[in-house]
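[1] let me see the structure of the following:
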Amino acid sequence: MELIEGKIMRVSFIGLGVMGYPMAGHLATAGHRVTVYNRTAKKAHAWCDEHSGIMADTPSRAAENAEIVFCCVGNDDDVRSVILGDEGVLKGIPAGSVIVDHTTASARVAREVHEAAKKQHVNFLDAPLSGGQAGAESGQLTIMVGGDADEYQRVFPVMGCYAKACTLIGEVGCGQKAKIVNQICIAGIVQGLSEALHFAKRVNLDVAAVIGAISKGAAQSWQMENRWQTMNDDEFEFGFAVEWMRKDLKIALDEAARAGATLDLARLVDGYYAEVEEMGGSRWDTSSLIKRLEP
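    Model (predicted):
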């Protein structure tokens, strides 16, 4: 995806964490006029020193005059705080603008924010991400979007500054539900890969040779391609943290309970991640599931 030539927009970015910081950087590099807000002001100062942009001291001030406000924060409560709070985005954003929330949060909070925004004639899209920190830094994220089709088309070229793939799934909340599907798949794949590597070691196989063989067939996955070596080498101080995955799986299990869906494997793997946290691995990459088997 490429920026539409000459279509420079006034945008704001709320949340400069490991994802938001490089994503906002891609927007600035593309030539958009970027205003940033971060709860820790030091991070926002650092971003402004590195990029051409303006720092605001509240989300509401960051949203003033913005055509699009992007948010990428931690959880439902953070979304409510930065958008619906006393100094939130909705206190400053002009009517007719659009809020794009990249946080992995619940479909319930997406609908809640959408209803509040609609009362102020502000549009809203829930747009969770897949691709992790590496994808954010390289501009190769995958985005799943819920919301109005016309608003999606409006922001699609701008999100293209940091995305390799962007798909409108359905109405508001559908982006978050699609992200749940993504995380359920990943949880199962990582557990399967962990057990496979554990088995290969215990039966004295050449792990590299085995992976070289099976990664060309039906067992192939992104996790296998990108994580088997570090899992085999007992390296986990990087990547998507276990505590973040557990937050996402809680959202999945809560949503499944409301929908009457059965997520036996997701519940099981969440319990395994709880064991990893007890081992001190809250910040380890999600591939650390193998640590339960190879302590």
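[2] scan this protein for its longest strand.
    Scanning the chain for the longest strand, with DSSP state E as the assignment, gives strand 163-170.
[3] flag every buried residue along that strand.
    163, 166, 168-169 (16 or more other C-beta atoms under 10 Å). All C-beta atoms are positioned from the backbone trio N, CA, C, and that covers glycine.
[4] with stretch 224-236 instead?
    Using 16+ other C-beta under 10 Å as the test for burial, stretch 224-236 gives 224, 227-228, 230-232, 236.
[5] now do the contacts for Ala105.
    Residues in contact with Ala105 (C-beta atoms under 8 Å, 6 or more residues apart in numbering) are 75-76, 79, 126, 128, 176, 251.
[6] the residues you listed: which two are farthest apart?
    Pairwise distances across the contacts of Ala105 peak at 13.6 Å for Asn75 and Asp126 (criterion: C-beta to C-beta).
[7] between those two, who's got more neighbours?
    More neighbours surround Asp126 than the other of Asn75 and Asp126, with 33 against 18 (other C-beta atoms under 10 Å).
[8] start to end distance for stretch 202-219?
    20 Å (C-alpha to C-alpha, to the nearest Å).
[9] chain center to it, what's the gap?
    Put simply, stretch 202-219 sits 30 Å off its chain's centre (C-alpha atoms, centre = their mean, to the nearest Å).
[10] do the same with stretch 271-286
    When C-alpha coordinates are averaged (C-alpha atoms, centre = their mean), stretch 271-286 and its chain have centres 19 Å apart.
[11] give the buried residues for that stretch.
    272-273, 276, 281, 284-286.
[12] please narrow those residues to those residing in helices.
    Judged by DSSP state H, helices contain the following of the buried residues of stretch 271-286: 272-273, 276.
[13] in CSV, list these along with distance to Pro295 and pLDDT.
    Converted to CSV, these look like this (distance: C-beta to C-beta, whole Å; pLDDT from 0 to 100):
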residue, distance to Pro295, pLDDT
Tyr272, 13, 98
Tyr273, 15, 98
Val276, 10, 98
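[14] from those residues, pick the one nearest Leu84.
    When these are compared for distance to Leu84 (C-beta to C-beta), Tyr273 wins out at 30.1 Å.
[15] isn't the closest one up against Val242?
    Yes: shown here, Tyr273 and Val242 form a contact pair, counting by C-beta atoms under 8 Å, at 5.3 Å.
[16] overlap in contacts of these two?
    Counting by C-beta under 8 Å, 6+ apart, the residues touching both Tyr273 and Val242 are Thr286.
[17] state whether Phe236 is indeed within a strand.
    No: per DSSP: H, G, I helix; E, B strand; the rest coil, Phe236 lies outside any strand segment and is coil.
[18] got a list of what it touches?
    230, 281, 284-285, 287-288, 291.
[19] repeat that for 7 Å
    Counting by C-beta atoms under 7 Å, 6 or more residues apart in numbering, Phe236 makes contact with 281, 284-285, 287-288.
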